[in-house]
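In: Sequence isn't available, so here's the structure alone:
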């Protein structure tokens with residue numbers, strides 16, 4: 001399952017249960033989809049969307065980006081394969097790292113609180129929760145992501 005843009009620049013890969021959505025969720029785009037996720041789910045999904053918006057927003061106004069553009073321009077994906085059209089791949093959470101066999105030695109338990117790029121455009125991150133992925137790390141990752149986007 002995937003949520004958001006069909007042609008994203010950035011994809012967040014999660015190995016978790018999909019959010020609860022209304023029956024017409026396939027008809028929802030961008031802001032409507034973000035609002036449906038926020039309105040139909042617990043605080044976990046608010047954290048996921050907020051951190052994803054902070055990572056992707058083109059400026060400091062991540063709130064506007066979350067409510068208007070996040071899922072219009074980007075994608076959350078629950079599958080085990082990379083979206084070919086995406087420029088940046090964010091593989092989130094230690095349990096998810098093992099599903100993507102890019103470089104298993106780089107994804108050890110000792111690296112759980114860190115993030116790193118493997119290949120030119122794959123970023124392994126903690127799960128998007130503030131205990132694992134604090135604002136200081138979000139800012140560091142955001143800078144790296146936007147630096148990489150400028151190269152494409």
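Out: Cool, got the structure. Quantities reported herein were computed from a predicted structural model and do not represent experimental measurements. Numbering: from 1, shown residues only.

In: rest of the way, CA atoms for contacts and neighbours
Out: Will do.

In: who's in contact with the most far-flung residue of the chain relative to its centre?
Out: Distance from the C-alpha centroid of the chain, by C-alpha atoms, centre = their mean, peaks at residue 23 (23.3 Å). Contact criterion C-alpha atoms under 8 Å, 6 or more residues apart in numbering gives no residues in contact with residue 23.

In: and it, which of the three is it?
Out: Following DSSP: H, G, I helix; E, B strand; the rest coil, we place residue 23 in the coil state.

In: Next, it: phi, psi?
Out: Phi and psi for residue 23, reported as degrees, to the nearest 10, are phi -60, psi -30.

In: so residue 132 touches residue 126, yeah?
Out: Yes: Residue 132 is within contact range of residue 126, at 5.9 Å (criterion: C-alpha atoms under 8 Å).

In: the more surrounded of those two?
Out: Neighbours per residue, other C-alpha atoms under 10 Å: of residue 132 and residue 126, the larger number sits with residue 126, 25 against 15.

In: who touches stretch 68-87?
Out: Residues contacting stretch 68-87 (C-alpha under 8 Å, 6+ apart): 1-16, 18, 29-31, 33-34, 53, 56-57, 89, 99-100, 121, 149, 152.

In: same thing but at 7 Å, please
Out: For stretch 68-87, contacts defined as C-alpha atoms under 7 Å, 6 or more residues apart in numbering pick out 1-5, 7-15, 29-31, 34, 53, 99-100, 121.

In: In terms of pLDDT, where does residue 149 sit?
Out: On the pLDDT scale, residue 149 is placed at 85.

In: does it sit in a helix or strand, and which one?
Out: helix 135-151 (DSSP states H and E).

In: Which SSE is immediately downstream of the helix or strand bottoming out on mean pLDDT in the chain?
Out: Here the helix or strand of the chain ranked lowest by mean pLDDT, DSSP states H and E is strand 116-118, holding a mean of 65. Reading on from strand 116-118 to the C-terminus, the next helix or strand found by DSSP H and E is strand 122-125.

In: Give the partner strands of that following strand in its sheet and their orientations.
Out: strand 88-92 (parallel), strand 116-118 (antiparallel) (DSSP bridges).
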